[in-house]
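Chemist: Show me the folded form of this:
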Amino acid sequence: MARYRAFEQGKQKTSGVIIGLWVDPPKGTGKKYYVGYQFGNNHQAYQEVHSRVYNRLAVGETVKVEYVQDKPQLSRVDLRK
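Modeler: The predicted model follows:
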């Protein structure tokens, strides 16, 4: 909870680019969908997304990214349309 609060209080917004999309495991049950993205000064991260979101994304697409300026490893893609 403290991490979430710190993120919400200190977040910045910028644009980023999707650099990868993958499913783990690729076959079978229990699949999780991920989007990898790059933003700012060559920062890279990934996050889990819902399959419906995953299916509408494409590598190279520009997305909105929220991050903590002092800790850019704390980031997320804002996928709200």
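Chemist: What's the mean pLDDT across stretch 26-35?
Modeler: The average of the pLDDT scores along stretch 26-35 is 91.
Chemist: What are the buried residues along that stretch?
Modeler: 33, 35 (16 or more other CB atoms under 10 Å). Quick note: C-beta positions are derived from backbone N, CA and C, even for glycine.
Chemist: Please, where are all the helices along the protein?
Modeler: Remark: helices assigned in the chain by DSSP state H are 2-10, 51-54.
Chemist: comparing the ones you listed, which gets the lowest mean pLDDT score?
Modeler: For the helices of the chain, where the average pLDDT is lowest is helix 2-10, sitting at a mean of 71.
Chemist: remind me, longest strand of this protein?
Modeler: The longest strand of the chain (DSSP state E) is strand 11-24.
Chemist: Run me through the strand neighbours of it, direction for each.
Modeler: Using DSSP bridges, strand 11-24 pairs in its sheet with strand 32-39 (antiparallel), strand 62-68 (antiparallel).
Chemist: Run through who's touching it.
Modeler: Residues outside strand 11-24 that contact it (CB atoms under 8 Å, 6 or more residues apart in numbering) are 31-40, 44, 46, 54, 57-69, 77-78.
Chemist: Same question for stretch 36-46.
Modeler: Counting by CB under 8 Å, 6+ apart, 14-22, 34-35, 47, 63, 65, 67, 72-73, 75, 77 sit against stretch 36-46.
Chemist: Show me how to select, in PyMOL, the buried members of those.
Modeler: A single PyMOL command selects the buried members of the contacts of stretch 36-46 (16+ other CB under 10 Å):
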select buried, resi 16+18+21+35+65+67+72+75+77
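Chemist: Surely residue 7 touches residue 72?
Modeler: No. The pair residue 7 and residue 72 does not pass the contact test of CB atoms under 8 Å, sitting 11.6 Å apart.
Chemist: who's the residue lying closest to residue 59 once chain neighbours are set aside bridged to?
Modeler: With CB to CB, 6 or more residues apart in numbering as the criterion, residue 59 has its nearest non-adjacent residue at 5.4 Å, and that residue is residue 18. Counting by DSSP bridges, residue 18 forms beta bridges with residue 37.
Chemist: Residue 18 and residue 70, how far apart?
Modeler: 25 Å (CB to CB, to the nearest Å).
Chemist: No further queries at this time; thank you.
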